[in-house]
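1. Model the following, please.
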Amino acid sequence: MSPSVSSLMNLDLSLLAQRLGRLCQQAQLEVTAAESCTGGGIASAITSVAGSSAYFTTGYVTYANTAKTRLLGVPEATLNAHGAVSDAVVKAMVAGACRESGAGLAVAVSGVAGPDGGSETKPVGTVWLAWGDANQQQAERFVFPGDRQAVREQAVRQALAGLIVRLAEKVGDGSEK
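-> Got it, this is the predicted structure:
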């Protein structure tokens, strides 16, 4: 049985990163991250594990919309129509990160970490995450409580937990410890 995201959310970031690494090696799959509001936090967590270069060779910090377009190929029209903090943009970020890096699985994140920048429809704490590959992506919206640091940390945890669940399903074995 694969682990659930909720069962993973209370684990230390280093434990999440270690579990992710074991699954990547088991699946013989490279992962990548396309980050906005987390500013490299996902890549930092993954690369805190010795030997992570075997399954994580490229990450993208695309904080500005111009970087999302230039590095990941997110269409300007998508950004203009939906805004950076949206389902459509994080899905495009995943597809672009996989296409550009050659990774078989990616996570992308874009959000409003605060303390400013929120709106009625996208309040501070709103974060969109997507997981998938160049051809298929799934996105989910979260509203995380707390200050800027808390929102960013919760987004990193959610990103790693989502990668773990997807890889455990792919490997077909949730019995790893």
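
2. what stretches of the protein score poorly on pLDDT?
-> Counting by pLDDT under 70, the chain shows low-confidence ranges at 1-2, 173-177.

3. any idea which residue of the chain is furthest from its center?
-> Relative to the C-alpha centroid of the chain, counting by Cα atoms, centre = their mean, residue 120 is the outermost residue, at 24.4 Å.

4. And that one, how far from residue 126?
-> From residue 120 over to residue 126 the distance is 11 Å, taken as Cβ to Cβ, to the nearest Å. Just so you know, the C-beta spots here come from the backbone N, C-alpha and C atoms, and that holds for glycine as well.

5. Residue 70: neighbour count?
-> Using other Cβ atoms under 10 Å, residue 70 is surrounded by 11 other residues.

6. Please tell me how far it sits from residue 76.
-> 10 Å.

7. try residue 132
-> Remark: distance between residue 132 and residue 76 (Cβ to Cβ) = 22 Å.

8. Kindly report the same for residue 103.
-> Noted for residue 103: a distance of 24 Å to residue 76, by Cβ to Cβ.

9. out of these two, which sits in the more crowded spot?
-> Set side by side, residue 103 and residue 76 show more neighbours around residue 103, with 23 against 11, by other Cβ under 10 Å.

10. need the contact list for the nearest residue to the more buried one once chain neighbours are set aside.
-> Nearest residue to residue 103, sequence neighbours excluded (Cβ to Cβ, 6 or more residues apart in numbering): residue 32, at 3.9 Å. By Cβ atoms under 8 Å, 6 or more residues apart in numbering, the residues touching residue 32 are 56, 57, 58, 59, 60, 97, 98, 101, 103, 105, 106, 107.

11. how about 7 Å then?
-> Applying Cβ atoms under 7 Å, 6 or more residues apart in numbering, we find residue 32 in contact with 58, 59, 97, 98, 101, 103, 106.
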